[in-house]
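*Asks:* just the structure for this:
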Amino acid sequence: MNKSRFENGVELLNCIDGEAGRKVIESLQDICPDLAKYTIEYPFGDIYARSGLDLKSREIATVAALTALGNCVPQLKVHLNAALNVGCCENEIKEVILQMSIYAGFPAALNAMFAFKEVLFDRAA
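*Replies:* Below you'll find the model as predicted:
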């Protein structure tokens, strides 16, 4: 029997984002459980489950996009952790953020690097 999009999404969410992902989903339950469900089904049950890219490549792309947007620090922190969880090394993530300084500007890259510094500090604690 095939798993549902939701079941696949939950498995990938736990694998990629771990506790941080669960906290995001839990935080939506009292305000908009449908958004929590959609967040599991579409990004994780559909997109992350595709075979076209491995999880590491997907997280590199996500970190780059969130860095470039410049106004998504909470989501960026979740995905910085996720990138580390799926095999990105610290230097690869720093290089991605540094690369974004060219295309997204120094403020976005600085904000992302400071967010990464916080993530690394929290993981070491």
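*Asks:* which strands or helices does the helix or strand hosting residue 13 pack on?
*Replies:* Using DSSP states H and E, residue 13 sits in helix 5-16. Helix 5-16 sits against helix 18-28, helix 55-69, helix 73-85, with contacts defined as 3 or more CB pairs under 8 Å, 6 or more residues apart in numbering; DSSP states H and E. The way it works is simple: take the backbone N, C-alpha and C, and place the C-beta from them, glycine included.
*Asks:* which of those sits closest to residue 115?
*Replies:* Residue 115 lies closest, by CB to CB, to one member of the helices and strands packed on helix 5-16: helix 73-85, at 5.2 Å.
*Asks:* how about the CA coordinates for that closest one, as CSV?
*Replies:* The C-alpha trace of helix 73-85 is given here as CSV (Å, rounded to 0.1, in the frame of the first residue of the first chain):
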residue,chain,number,x,y,z
VAL,A,73,15.4,34.4,9.4
PRO,A,74,13.2,31.9,11.3
GLN,A,75,12.8,29.7,8.3
LEU,A,76,16.4,30.2,7.3
LYS,A,77,17.5,28.9,10.7
VAL,A,78,15.3,25.8,10.3
HIS,A,79,16.9,25.1,6.9
LEU,A,80,20.4,25.8,8.1
ASN,A,81,19.9,23.1,10.6
ALA,A,82,18.3,20.9,7.9
ALA,A,83,21.3,21.4,5.6
LEU,A,84,23.6,20.2,8.4
ASN,A,85,21.3,17.3,9.1
